[in-house]
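Engineer: what follows is a predicted structure for the sequence shown.
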Amino acid sequence: MQNSQQQAYDRGITIFSPDGRLYQVEYAREAVKRGSPSVGVRTHDGVVLLAGGRVRSSLQVPDSVEKIHKIDDHIGIASAGHAADARQLVDFARRQAQVERLRYEQPVTVESLTKEITDNIQQYTQTGGARPFGVALLVGGVDENGTPRLFETDPSGTPYEWQAVAIGADSEAIQKRLEEEYDEALSLDEGLDLALRAMAAENGGTGTLDPVGMSAARIDAETGAYEALTREELASRIEELGLLG
Amino acid sequence: MQNSQQQAYDRGITIFSPDGRLYQVEYAREAVKRGSPSVGVRTHDGVVLLAGGRVRSSLQVPDSVEKIHKIDDHIGIASAGHAADARQLVDFARRQAQVERLRYEQPVTVESLTKEITDNIQQYTQTGGARPFGVALLVGGVDENGTPRLFETDPSGTPYEWQAVAIGADSEAIQKRLEEEYDEALSLDEGLDLALRAMAAENGGTGTLDPVGMSAARIDAETGAYEALTREELASRIEELGLLG
Amino acid sequence: MQNSQQQAYDRGITIFSPDGRLYQVEYAREAVKRGSPSVGVRTHDGVVLLAGGRVRSSLQVPDSVEKIHKIDDHIGIASAGHAADARQLVDFARRQAQVERLRYEQPVTVESLTKEITDNIQQYTQTGGARPFGVALLVGGVDENGTPRLFETDPSGTPYEWQAVAIGADSEAIQKRLEEEYDEALSLDEGLDLALRAMAAENGGTGTLDPVGMSAARIDAETGAYEALTREELASRIEELGLLG
Amino acid sequence: MQNSQQQAYDRGITIFSPDGRLYQVEYAREAVKRGSPSVGVRTHDGVVLLAGGRVRSSLQVPDSVEKIHKIDDHIGIASAGHAADARQLVDFARRQAQVERLRYEQPVTVESLTKEITDNIQQYTQTGGARPFGVALLVGGVDENGTPRLFETDPSGTPYEWQAVAIGADSEAIQKRLEEEYDEALSLDEGLDLALRAMAAENGGTGTLDPVGMSAARIDAETGAYEALTREELASRIEELGLLG
Amino acid sequence: MQNSQQQAYDRGITIFSPDGRLYQVEYAREAVKRGSPSVGVRTHDGVVLLAGGRVRSSLQVPDSVEKIHKIDDHIGIASAGHAADARQLVDFARRQAQVERLRYEQPVTVESLTKEITDNIQQYTQTGGARPFGVALLVGGVDENGTPRLFETDPSGTPYEWQAVAIGADSEAIQKRLEEEYDEALSLDEGLDLALRAMAAENGGTGTLDPVGMSAARIDAETGAYEALTREELASRIEELGLLG
Amino acid sequence: MQNSQQQAYDRGITIFSPDGRLYQVEYAREAVKRGSPSVGVRTHDGVVLLAGGRVRSSLQVPDSVEKIHKIDDHIGIASAGHAADARQLVDFARRQAQVERLRYEQPVTVESLTKEITDNIQQYTQTGGARPFGVALLVGGVDENGTPRLFETDPSGTPYEWQAVAIGADSEAIQKRLEEEYDEALSLDEGLDLALRAMAAENGGTGTLDPVGMSAARIDAETGAYEALTREELASRIEELGLLG
Amino acid sequence: MQNSQQQAYDRGITIFSPDGRLYQVEYAREAVKRGSPSVGVRTHDGVVLLAGGRVRSSLQVPDSVEKIHKIDDHIGIASAGHAADARQLVDFARRQAQVERLRYEQPVTVESLTKEITDNIQQYTQTGGARPFGVALLVGGVDENGTPRLFETDPSGTPYEWQAVAIGADSEAIQKRLEEEYDEALSLDEGLDLALRAMAAENGGTGTLDPVGMSAARIDAETGAYEALTREELASRIEELGLLG
């Protein structure tokens, strides 16, 4: 599949291929596709994050593989890809959010935080001595003025803003479903339902979901507060939607 | 296509080929050509910047892929190429503009700022441990004395000044159109029209433009103030010109 | 077995393969599988850690190959893999536990400590100039509120939480046994018995254990105190269970 | 053409070939030959610098590709080769000139400045981690005692002093013409005429010059002041000499 | 013998082989086996260290190739392998022993000192820019409470505690003899006799020893003091045991 | 000519070949042989330095290619080989001479200065990240006690003291002539004549010299002062000796 | 002779071969064997050092190639191998001797100084970025208590103490002669005679010595003072022994 021409330019991040590509960044995108998917949906009244997950054994504590993290009172991050890399960026985001609070005595905006994260990611693609981050993030939250925002970061360090977006395994197929069903009039609860249905539809042809290992969080525009769904809430919603595997 | 002789000299930025070329810089220029085009036009009464853009999905928020950035009250930058690299240089430019304001208590000139940017770019082509920036920029603005200026920076770190210029995909064809139609007597509004017509003419043979993902900004010589066009303004102007796809 | 395509991407930690894998991290996991196994079991009333071990000669002092280490009054770590690497992480964990005590005037939680360890591990997989740690750890302990916690760290730097888990040689087979027999109602003593039976069942087809070189520790939820079993206690328990080789 | 023996020694600046050559420095000289030519002429009453240039489009502002730069009141620099590298050395020269003025309260001599530049260039050919500068410079000026001086710097970091000299494309042929026509009795104006005729004679067989993209400057021994020729002055002189293409 | 698969992974310390091995550390163990053997024996009343050695010429001063070094009043170190590397670790151990004395106002324990040495060794196996130490050490001594301790350090940086142990050339065969004859009731003098007999039995099939180049030291549990045997004491003991070659 | 065995060991300065040679240093000696020759002669009443040189064009100012440099009142240096490297060492020597004057309030001796230079050269042959200096120097001068001294430095960083010596192109043949004709009774003027005759005899079979590009200096033992010969003095002496080409 | 297996492991100092050897250190020993020999003899009343040497031309000042250096009042060093490397270690030794005098207000012992030198040498064999020293040294002197000591350092950084020893070219044959004729009853003068006879016997089959380029020094136990022999003393002694070539 891969020819020897390509091989000549994919061994280091500090080198362009003759057609202007950065292969290591493209391979890091493959690491994202190897991870279980995450979905974000922004509605007029908030942002919802949903993450799939895999449990290696029935004895594993499901919370420990959760891929949604509270960053600040009003912001959460979901990830897909290399889990250890995601943790580094989550820690980075938490520190930045705290620093901004101290410096400006007000919460960081979702956009500012996203851009600080992508700046950090970009530097790992240009300066030698390190590999790119093999992870994509969904940064969702509500700004102080009540506006819900939803961003994606990719391994090149580019930020994208979305109404609804999927990352990780099968993300293209899930995205297509989101496009078909997304409506600006959706409520936050309906946004979660959309995310669950889209992820179920592409889940290995089963059309169902297994709540174990999954996680979800919502940031309501009114309260502006990050709130993780309990496993029970998530499971009962999946069941109500008839998506339980 | 590419022979083994060339391959021997294109793996590092710190090495010349036997015929005196820096292949990594040339490959970075290919990264520029992979990006959607941007156009800048300088008229006697200001500078206009126009940038194409691609939306990956109907759910993407178009603003988030904008490729024109306000740098200071009187200067904007449009880019073509590796988006994450562009963001780094935009941040660099903003910091430099602020530093100059503080140090000299007056706004930086467009030319000074451009040269600080190209100095920064050049160092990534000579000193080891990093790759060149895979992006070209258009730096446009109005100096305190009311003079409009428009510069281009390329991946080698060379600044060029233009009356009208295109960078990115199809830039050579667009440039040819600009040359044919540019006139020193153009007003700022006519400059925008010229940019739109030239970009439309080379847009995949369609002769039309899709305002989604596009962005434009103008710096008027009289006010000396950067002003981004709203999506509506841009779309209605495209329509008035009969260029709507 | 291994093809030349793979060989091209497994020589450095700073490089992804075209399918998004980090081979050096995967090889470090093989180093874990080369080590004798360790097992952790969390019950409602505490955590028990059990580690196999090999004695190179009858003159070797068995304690000196112990693979369970007290980290703080309430936390212990068992390891599998490259022994010298394990020692570095154990020392790191002890220093962190002390630092937290001094800074916050209360004991570190099991989860916090685990995450500080995995952050440290991750950095050895991303930044150049060093190899990954060739070791997995079981971090077990009881938090101040009396909750028993049991975590695993892997060479990628990802933390996992478990009710019962095996690492090292034959860990997959041992894990399967743990899954079959684990019960949330187990007492701490029964947890130790489960660990011993599971490890014996997969010990080279013998179904027995040799207490020499083995070690065990328990952290009781009530006292919250790490307590190493003496070799005699361990040996007599193995005998009572009819597992003595 | 190039044999495999040579290839073995031209990949790094820190290595001599078996016959004692530094191939990277020699390749940097090829980068100089790829640039449009510059000519310097020293007469008894001053120094004149003349630089060719290429305009990529009729919309390019010719000044922006000028290759002659004022360094201090009494010194100018013309360049041939990699333009971004030239800018670095020009900036370096300006800083050094300022530093010397502050430190010794008198202007730097042309020779001192040249040697500070060549020291800087040499270090990029001996110490690892960077490539040589792909540019040659003409440093011309008048010392405080009224003596005109004209130096060349090459990519190895060696300074040469000249009565008249050409660098860049076709420099050997232009130099031959300078040798044939140079006369110590030339006035500064006649020096410019000589430079123009020599450059025209070797300009692609046309025998003519296109003033667009060209630039010229003179430092008069009496005033000791750097003075750039306006494009009009240059064009009308080209015309008077019958060299207009 | 060695296949090309292995060769691909043994050129650097920062890289695991696909089966999880660190070849450079394994090769450093071969450097240990190239050195003449050392033996340590711990009895209830002390520790004895014995080291073989090779004299390159009859004019060499035998003391100068001694491989047993006093580290502190109560601790000695014997080595096998790369002699210059051993000297570095001996110096490191002496400095650490002094630092501990100053800091805690009591002598370092044998175990603490051993672990500081192995930490130092491990870092040379993980961080780039250096090779592992090609030497094994025997660290023997008596703690302040009168307990004799005997440790081995290997090139991976793992400490092992022993009752009796051999390192270096033929160490496996010597170890087998130690296992056959060691008895916990041995006195310190009998411990030396055991070491001498075991080393003689495996000395090139001769069954004898040449005291020239050999050295021995004892740390008596009662006095807790390191005491080097004179060459005469060692020679006469070898003779009394009928082992003189 | 050169076999593949040698090629394996000549790519870096930090590596010995199996027969104990440093090929990069040997190749740097070839760079010396590529340069025009220099000759030094020490007589009882002083030291004379003579340097050949090449003028690239009749318009080159001959002084600018001079290869003899005044270092301090009483010391001069002539060079052969890579001119830009020579300049670095000349600058280094001047700084050292000044530093010594300030520190000890007396002029540096010729021997001390030579050894500071060779220490500097040696470090470029042992520590990584740089190539050796491709130049040999003749350091000649008169110490405060009136003793004339003449040293050579080579690219390995070894100093040699001479009565008369040649470096650079044809240095072996010139040296043979010096050996045949040198006499301890020579006066300083006769020393210059000897140098001129020896250099002329080996100058491409012509037996003559072209004073253009040549330079000479003398340090008289009585005055202890460095004195450069004017071009006229040198030319007329060449003519008087019948050596004018 | 040398097979491809070996070639794979001899390109860097930071790497062991599969059989535990450091090839770069072994190649540095070959550099020692390429140098002219040095001999040291320790007698009851002092130490004598003798060094061969090669003069490249009859005009070379013989002292300048001397290979014996005074380090302190009571210590001298002779060398064999890469001369520029020897100079570095000699300078290092002189600085260390001075530092010790200042710090402890008494002269450094011969053994302490030797070990500081070998520590320095060892670090160049373990840490990356530099090659080993290609030189062996003989460190001879008399301690304050009047004891003569004679040490050898080799490129691995191991010190050896000797009664009499040869290094450099033909050192094995010379050593054999020393072994045959050395007697502990020798006086210092007889020690010099022994060194001269041994070196002459192996001097290219001539059985004679050429005093030009040779050097000798003695440190008398009574005075404890380093004393270089004059060339006349050395020549007349060679003649008296009938060894003059």
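Structural biologist: Alright, I've got the coordinates.
Engineer: how about low-confidence regions in chain A?
Structural biologist: A:1-5, A:7-8, A:10-14, A:128 (pLDDT under 70).
Engineer: switch to 80 and redo it
Structural biologist: Chain A contains residues with pLDDT under 80 at A:1-15, A:63-66, A:127-130.
Engineer: what does it put close to chain B?
Structural biologist: Listed as neighbours of chain B in chain A under the rule CB under 8 Å from any CB of the partner chain: A:5, A:8-9, A:13-22, A:115, A:118-119, A:121-123, A:125-129, A:151, A:156-165, A:175, A:178-179, A:182. For the C-beta atoms, the positions are set from N, CA and C on the backbone; glycine is no exception.
Engineer: in ChimeraX, select just the buried ones from those.
Structural biologist: Here is the ChimeraX command that selects the buried residues among the residues of chain A next to chain B (16 or more other CB atoms under 10 Å in any protein chain shown):
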select /A:8,9,13,14,15,16,17,18,20,21,22,115,118,121,122,125,126,151,156,157,158,159,160,161,162,163,164,165,175,178,182
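Engineer: so which of the residues of chain A next to chain B sit within helices?
Structural biologist: A:5, A:115, A:118, A:119, A:121, A:122, A:123, A:125, A:126, A:175, A:178, A:179 (DSSP state H).
Engineer: so is the single longest helix found in chain A next to chain C?
Structural biologist: For chain A, the longest helix by residue count, based on DSSP H, is helix A:83-104. Yes - under the criterion of CB under 8 Å from any CB, chain C is reached by helix A:83-104 at A:83, A:84, A:85, A:87, A:88, A:91.
Engineer: what's the most distant pair in the residues you listed?
Structural biologist: A:83 and A:91 (12.9 Å; CB to CB).
Engineer: please identify which of the two sits among more neighbours.
Structural biologist: residue A:83 (23 against 15; other CB atoms under 10 Å in any protein chain shown).
Engineer: pull the contacting residues for the more buried one.
Structural biologist: A:35, A:65, A:67, A:135, C:156, C:158 (CB atoms under 8 Å, 6 or more residues apart in numbering or on different chains).
Engineer: relative to residue A:57, which of those residues is nearest.
Structural biologist: residue A:65 (10.9 Å).
Engineer: circling back to that earlier point, could I get the ones in helices among the residues of chain A next to chain B in JSON lines, plus columns for distance to residue D:232?
Structural biologist: Output for those, formatted as JSON lines (distance: CB to CB, whole Å):
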{"residue": "A:5", "distance to residue D:232": "52"}
{"residue": "A:115", "distance to residue D:232": "48"}
{"residue": "A:118", "distance to residue D:232": "49"}
{"residue": "A:119", "distance to residue D:232": "47"}
{"residue": "A:121", "distance to residue D:232": "52"}
{"residue": "A:122", "distance to residue D:232": "47"}
{"residue": "A:123", "distance to residue D:232": "48"}
{"residue": "A:125", "distance to residue D:232": "48"}
{"residue": "A:126", "distance to residue D:232": "45"}
{"residue": "A:175", "distance to residue D:232": "60"}
{"residue": "A:178", "distance to residue D:232": "63"}
{"residue": "A:179", "distance to residue D:232": "61"}
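Engineer: if we check chain D, which of those residues are in contact?
Structural biologist: Answer for these near chain D: none qualify (CB under 8 Å from any CB).
Engineer: return the closest of those residues with respect to chain F.
Structural biologist: residue A:126 (22.4 Å; CB to the nearest CB).
Engineer: closest one of the contacts of residue A:83 to chain D?
Structural biologist: Of the contacts of residue A:83, the one sitting nearest to chain D (CB to the nearest CB) turns out to be residue A:135, at 30.8 Å.
Engineer: tell me how far the residue lying closest to residue A:9 once chain neighbours are set aside lies from residue B:24.
Structural biologist: Leaving out its chain neighbours, the residue that sits closest to residue A:9 by CB to CB, 6 or more residues apart in numbering or on different chains is residue A:17, at 3.7 Å. As judged by CB to CB, to the nearest Å, residue A:17 and residue B:24 stand 10 Å apart.
Engineer: could you measure from residue A:203 over to chain D?
Structural biologist: Applying CB to the nearest CB, to the nearest Å, the value for residue A:203 to chain D is 50 Å.
Engineer: number of residues surrounding the nearest residue to that residue once chain neighbours are set aside?
Structural biologist: Among residues not flanking residue A:203 along the chain, residue A:209 sits closest, at 6.1 Å (CB to CB, 6+ apart). Using other CB under 10 Å, residue A:209 has 24 other residues around it.
Engineer: wait, what's in contact with residue A:209?
Structural biologist: Residue A:209 touches A:52, A:196, A:199, A:200, A:203, A:238, A:243, A:244, A:245, counting by CB under 8 Å, 6+ apart.
Engineer: of these - the most surrounded one?
Structural biologist: Busiest of the contacts of residue A:209 [other CB under 10 Å] is residue A:199, holding 26 neighbours.
Engineer: and the gap between the closest residue to chain E within chain A and chain D?
Structural biologist: Per CB to the nearest CB, residue A:129 is where chain A lies closest to chain E, at 10.5 Å. From residue A:129 across to chain D, the span is 13 Å (CB to the nearest CB).
Engineer: same check on residue A:105?
Structural biologist: 41 Å.
Engineer: try residue A:103
Structural biologist: From residue A:103 to chain D the distance is 34 Å (CB to the nearest CB).
Engineer: count of residues packed around that residue?
Structural biologist: Neighbours of residue A:103 using other CB under 10 Å come to 9.
Engineer: do the one 4 residues further on as well
Structural biologist: Close neighbours of residue A:107, defined as other CB under 10 Å, add up to 20.
Engineer: correct me, but it touches residue A:97?
Structural biologist: Yes - in this structure residue A:107 lies within contact range of residue A:97 using CB atoms under 8 Å: 7.5 Å.
Engineer: identify the contacts common to these two.
Structural biologist: residue A:72.
Engineer: what sits opposite the nearest residue to residue A:186 once chain neighbours are set aside in the beta ladder?
Structural biologist: Spatial nearest neighbour of residue A:186, chain neighbours left out: residue A:43 (4.7 Å); criterion: CB to CB, 6+ apart. Note on residue A:43: beta-bridge partners residue A:46, judged by DSSP bridges.
Engineer: distance-wise, check residue A:43 relative to chain G.
Structural biologist: 57 Å.
Engineer: could I get the phi/psi values of the nearest residue to residue A:80 once chain neighbours are set aside?
Structural biologist: Closest residue to residue A:80 apart from its sequence neighbours, by CB to CB, 6+ apart: residue A:168 at 2.9 Å. In terms of degrees, to the nearest 10, the main-chain angles of residue A:168 are phi 90, psi -160.
Engineer: which SS state does the most centrally placed residue in chain A fall under?
Structural biologist: Centroid check for chain A by CA atoms, centre = their mean gives residue A:138 as the closest residue, at 3.0 Å. Under the three-state scheme (DSSP: H, G, I helix; E, B strand; the rest coil), residue A:138 adopts strand.
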